[in-house]
Every structure is written in C-alpha cells, then in structure tokens.
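S.K.: sequence first, predicted coordinates after that:
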Amino acid sequence: MSKGRYNLDDIIKNSFEEAIEYFNKNDIKVKDDLELKILESPEELIQKYGKDKINEYIGGMYDSGTVYIIKNSIKNFVDSVLSGLNRSYISNLFTIPRNGVLWPVYKNNDDIEKVITKKDTESLSIHEIAHFILRSIGINNEWKASFVEFLVYFYKNELYKYSEVYKIMEQNVEICEKYIKKENQSSPYSLGSRLAPYSFGSCFANDIIYAYENILNKNKESPKLNIKDTIEKFKHFSEDYYVETTRTFNMIISDYIAIAKILNEKYAMLSWITNCLLEKPPNTMDNI
C-alpha cells in the first residue's frame, strides 16, 4: 500500500462519522458517546481478550461502547485486492471481494487505491456499529451484523440507482449457492468455518436487496426497502437457523433468475421470428 498519499487515520474517522450520520438519518439512533479507537495492529486486543477470541486477521471489533478499527488489516486488505484486482468494469462499477462475496464499488474518477481503502474502512465501520445497534435491541451475531453491513453499504452508496449493479448481484447469487452446497468442512467457506456467518450474512442481504430493488421496485430512483424496519424484523429471526434462512432465500432468487433468463431468451427469439415473418420482402410488395 502506498505511503504518504493520504492519511488513513482521517479516512477511518470520516468513515466512522459518516456511518453514524447515515444510521441516525434513517432513524436508527446511535449514541453520541460511541467511541472510536484506531489501532495499528490487533496485538492490544489479543492481549486484552486472548487469542481464543481475537485472531491476527481481525479488522475491527465492538465492545462496551467502543469501536476498534485495525489499520494493518486495512492495509493488508488493500494490498491483497490491488495485487489481484480485476481491471474489467461494468460501466463505472468494479468489485472487491469481502468474505468471498463481491461488493460493488462505484469508481468515478478517483484513485483506485484510495477508493478501495475508503470502501473497506466504510464497511468495517458499518459492521462494528451494527453490532452496537443489534445489541441495543437485544439481538446480535455475525450473520446479522454482516447482513446490516452489506445492506447499509448498498443503500448508503445509492447503488440501487445503477442497473449494472444487479449483474454483479446475480454473480453473488451463484457464488452464494456454491458456498451453501459445499459439504467439505475444511473448505474456507464451508458451513462450519469461521467465515460462514459473515459470508452468509452478505449473501442474505444481497438476495433480499435484489428481490426488493430489481424485481419488486419499478422505480429504481427511490429505494423500496426500509432499512430501519428490516433491522427491526431481525428480532424474529432465530440465530440457530441463519444457514437454512440463507439457503432458502438464495434458492428462490436463483430459480427466479434462471426462469427470467429463459423468458428473456424466448422473448428475443419470438421477437426475431416475428420481425422476420412480418418484414416487407424486397422487390415483391412494391409491384402490388
């Protein structure tokens, strides 16, 4: 990661403040005294909580009114993405992988490294603030926090406005379907791995948003899904069934996309045949 081009501490602080502002604007109250603590590495957290609770790859954490963000994690993530970045774009959108799921990023004309840094920092801030919000309503786990993270990231960046983003979301449906079907528990994305709740939370959010905004919403300029109501409804979701919940909804969306694709192909074929049959034959009708 480049050094001296921008101040990472400032990016983290701005992302944290912007995330709180967005939650508050959507009537999801985040207390003013929620503290941000920026750490160079996770070592301080490992010393405090132990290696059984904190691993060396942790990017952030919420505990007792404080959000911790780890700078080394952000730097390593950005370096990893840059080294394997797919330079192909859909319009002005590209993707970065988080927990195995593709996150749409609107590049505009900004520096690509700075964009990735800001989006990773933004996602980490949203995720840890989500833990605070979920605990305040009596529920909390990584699946739900990851759902809120993807949900808020999507709407905060107004990605629903871009028709191209739904092609990326359809890729996620396929990716998530593969994760769900994996039975090998040694796989990094298997149901029994430490990443499963994070991945499945993002998958569930991806599928819910796709259903609301691409299938049910005819006016893409105004979002259909209400963030506050959606988070509140998590009170009715059992923590024990997050895998089955994700599996069921992903299957429905996957079937819908497959059927829609077939119908679109049939429509294109029908349109082509109809045009051929009704097209005026050359040098024939002119003499009638």
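M.R.: In hand now; what should we look at?
S.K.: what is the burial count for the residue nearest to Lys235 when sequence neighbours are not counted?
M.R.: Nearest residue to Lys235, sequence neighbours excluded (Cβ to Cβ, 6 or more residues apart in numbering): Ile139, at 6.0 Å. Quick note: C-beta positions are derived from backbone N, CA and C, even for glycine. For Ile139, the count of nearby residues is 17 (other Cβ atoms under 10 Å).
S.K.: which helix or strand contains Ile139?
M.R.: If you go by DSSP states H and E, Ile139 is not part of any helix or strand.
S.K.: numbering from 15 from now on, please.
M.R.: Got it, the first residue is 15 from now on, which makes the last one we talked about Ile153.
S.K.: which residues touch Ile245?
M.R.: The contact partners of Ile245, by Cβ atoms under 8 Å, 6 or more residues apart in numbering, come to 42, 147-148, 151, 162, 165.
S.K.: mind doing that once more with 10 Å?
M.R.: 37, 40, 42, 144, 147-148, 151, 153, 158, 161-162, 165-166 (Cβ atoms under 10 Å, 6 or more residues apart in numbering).
S.K.: what's the closest of these to Lys85?
M.R.: The shortest gap between Lys85 and any of the contacts of Ile245 belongs to Ala144, at 20.5 Å (Cβ to Cβ).
S.K.: what helix or strand is that closest one on?
M.R.: Secondary structure assigned from DSSP H and E places Ala144 in helix 126-150.
S.K.: after that helix, which helix or strand is next?
M.R.: Counting by DSSP H and E, the next helix or strand C-terminal to helix 126-150 is helix 156-170.
S.K.: now the angle from the helix or strand following that next one to helix 156-170?
M.R.: Next helix or strand after helix 156-170 toward the C-terminus (DSSP H and E): helix 179-195. Helix 179-195 and helix 156-170 are oriented at 170 degrees to each other (axes from the mean of the first three to the mean of the last three Cα atoms, to 10 degrees).
S.K.: next helix or strand past helix 179-195?
M.R.: The first helix or strand that comes after helix 179-195 along the chain, using DSSP H and E, is helix 210-223.
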